[in-house]
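A.B. asks: model the structure of this input:
(one chain, ligands or ions: 2)
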Amino acid sequence: MTLVVDGLGKDYPTRSGPLVVLREISLTLRPGDALAIMGPSGSGKSTLLHILGTLDSPTRGRVTLQGVDPFALSHRELATFRNRHIGFVFQDHHLLPQCNVLENVLVPTLVSDRAPADNERRARLLLERVGLAQRLEHRPAELSGGERQRVALARALILQPLLVLADEPTGNLDADNAATVADLLWELHCQENNILIVVTHSWEVARRFPRQAELRQGTLHDVSYAPKNIP
Ligand code: ADP
Ligand code: MG
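C.D. replies: Ligands and ions are numbered 1, 2, ... in the order given. From the prediction side, this is the model:
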């Protein structure tokens, strides 16, 4: 039940030769572990999250989740694996505008084999936990930015994924809403006992998690800021 990243590297081909974005990333995370990743723009944070989320493949190294190497799976097996084990929260909520809140949270269940009644019960429970029990029938356009991102959290968790990946989940929110969403990410992680990786620019967000690392020159460096350094 672990995420093991071993010697992961990623190059992008360019006209002037390969651009090394990720040089050497090694990491082991278990259920209940949470990691905040910071780093300058362009340092490869999204690239890393995309690879861990199996949306992109590595150039070097190995990733296994629960002992499975997702990149060895067929296209169809990989889609099932990703749906079942990985939840994503992006900077933009990516909610379907024509669907209401409850329907949006249920989208990942459309290709799952769990009983619809169980899915709906869990969707309602998650929406209650993120404070949206009174908004089930609202469409995304009828929600605030913070509320939309809280729907996206519930959607990411609906199938109880082992691995939750959040890429700048508070990047579009004001400070108060960012704090609420970051707190909820942390609370839900504790309740669900998943592996959580949050990429953020904000130390306010990162400091809520037990471990922080910085991505620099293609490698992860553990950082722990002394309280005096907190702005
Ligand atoms: P971050 O999320 O930390 O801002 P990214 O992972 O998005 O950084 O990008 C890291 C670097 O990789 C950037 O320099 C970017 O220009 C480059 N890059 C990202 N995607 C591609 C691609 N598909 N082809 C070539 N270069 C890319
Ligand atoms: Mg990014």
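A.B. asks: can you tell me the element the residue in the chain positioned nearest to ligand 2 falls in?
C.D. replies: Among all residues of the chain, Ser46 sits closest to ligand 2, at 3.2 Å; criterion: C-beta to the ion. (C-beta placed from N, C-alpha, C; glycine too.) Here Ser46 sits within helix 45-52, counting by DSSP states H and E.
A.B. asks: over to Leu96?
C.D. replies: Using DSSP H and E, Leu96 falls outside every helix and strand.
A.B. asks: show me what contacts it?
C.D. replies: Glu103, Asn104, Val107, Pro140 (C-beta atoms under 8 Å, 6 or more residues apart in numbering).
A.B. asks: could you find the closest non-adjacent residue to the residue of the chain closest to ligand 2?
C.D. replies: Distance criterion C-beta to C-beta, 6 or more residues apart in numbering; nearest residue to Ser46, sequence neighbours excluded, is Asp167 at 5.6 Å.
A.B. asks: could you double-check that the one you found lies in contact with Phe90?
C.D. replies: Yes: between Asp167 and Phe90 there is a contact under C-beta atoms under 8 Å: 5.5 Å.
A.B. asks: tell me the contacts of the residue positioned nearest the centre of the chain?
C.D. replies: What sits nearest the mean C-alpha location of the chain, by C-alpha atoms, centre = their mean, is Leu165, with 1.6 Å. The contact partners of Leu165, taken as C-beta under 8 Å, 6+ apart, are Leu49, Leu52, Gly53, Ile86, Gly87, Phe88, Val89, Ile197.
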